[in-house]
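Visitor: Quick one: sequence plus predicted model below, questions after.
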Amino acid sequence: MRQRWILNLVLLGFILILGAIAFYTQEQEKAESPKLTDLEAEQVQNIRIERANQSAIELKKDARSVWQMTSPFQLPANHYRLERLMDILSHQDYTALAGAELNLAELKLNPPLASVTFNQLKIAWGDTSPINTGQRYIQINQKKVYVLTDTHYQQLTSDAVSFINLSLLGEEAKIQALKMPDYDLALKEGQWTVNTSFSTDEIDTSQDAINTLISNWQLAQAYHVERYIKGPTEGEIHLTLKEQKQPLHFAIISLSPALVLARPDKGVQYQLSTIQVDKLLHLPTAEETASEKTSSEDD
């Protein structure tokens, strides 16, 4: 019995060693594979996304190297999505195909189903591979054809609004004035002033309370962006940002079951959690501030 246990342990050790060697060899081969392109993501300044039967999406970096969508919407872009998209430039897990034996029309690469031009480098997406499940044909600069894991096509063919930044105000926004149905706030010489019909017994108009409200706006993130649907509103909001001449205009479309704020001039609307209603649209009541202060002291 003891000899059998020893034999089993030896066999198990042998299997583990073989597995480790195979894994190491596979990782080494993957690491040694050349990148799909020589273009680095940091070098990309312009991106153009074209899809069959959909409008093209154009994006570019501004003077601060922040991605902006210029068409079909003119809004800050979702840089996380663009970073994921640019991952393909340095992709290493792929199979190159012999071009002379390929029928590009059958592979749906002529014309392609979708394409992305990074600066001057064009990558086209074709059909899925019938042999390799979960893989798709791509072509670079109308020359070499490859098959690789299909991780980008669904993103490419989604609505253009999916490439819009989820931040309501964009990156590093600095509010100078905020006008809402119940409040009119303005920053003057480093201090906030507030005009409201509420009394100081009803709401907290301290600098701390106002700073918190402003900070909530500057950091606000939607969980979804969609195309603007014209309809009745619950009020309007005007925001003036530092170094911007024209204020931003938001329309309050809905307060429940989601807070929906629209930018009619930009053709989009943002969906936020109802938790954001109080954080973005109201200053705290005097009782809420007193209760929070007491709770903080008790801690």
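Guide: That came through fine. Numbering: from 1, shown residues only.
Visitor: pLDDT weak spots in the stretch 1-150 of the chain?
Guide: Low-confidence segments of the stretch 1-150 of the chain, defined by pLDDT under 70, span residues 1-32, 99-100.
Visitor: now do 50
Guide: For the stretch 1-150 of the chain, the stretches with pLDDT under 50 are 18, 20-25, 28-30.
Visitor: Correct me if wrong, but residue 277 is in a strand.
Guide: No - membership of residue 277 in a strand is not supported by DSSP: H, G, I helix; E, B strand; the rest coil, which gives helix.
Visitor: confidence score at it?
Guide: The predicted structure scores residue 277 at 96 on the pLDDT scale.
Visitor: ditto for the one 10 residues further on
Guide: Residue 287 is assigned a predicted lDDT (pLDDT) of 70.
Visitor: Any idea how many residues pack against it?
Guide: Taking other Cβ atoms under 10 Å as the criterion, the count of residues near residue 287 is 12. The C-beta positions use only the backbone N, C-alpha and C, and glycine is treated the same way.
Visitor: Residue 40 now?
Guide: By other Cβ under 10 Å, 11 other residues sit near residue 40.
Visitor: Not counting its neighbours along the chain, what's nearest it?
Guide: Ranked by Cβ to Cβ, 6 or more residues apart in numbering and with sequence neighbours excluded, the top spatial neighbour of residue 40 is residue 89, at 7.0 Å.
Visitor: Repeat that for residue 112.
Guide: Setting aside the residues directly before and after it, residue 112 is nearest to residue 124 in space (Cβ to Cβ, 6+ apart), at 3.6 Å.
Visitor: which of the residues in the helix or strand hosting that neighbour are buried?
Guide: Following DSSP states H and E, the helix or strand that holds residue 124 is strand 121-128. Judged by neighbour count using 16 or more other Cβ atoms under 10 Å, the buried positions of strand 121-128 are 122, 123, 124, 125, 126, 128.
Visitor: May I ask which two of those are separated the most?
Guide: Largest separation among those by Cβ to Cβ: 122 and 128, giving 20.3 Å.
Visitor: Could you give the bridge partners of the residue nearest to residue 112?
Guide: Here residue 124 shows beta-bridge partners residue 115, residue 139, assigned using DSSP bridges.
Visitor: That one reaches residue 144, doesn't it?
Guide: No - taking contacts as Cβ atoms under 8 Å, residue 124 lies outside contact range of residue 144: 11.0 Å.
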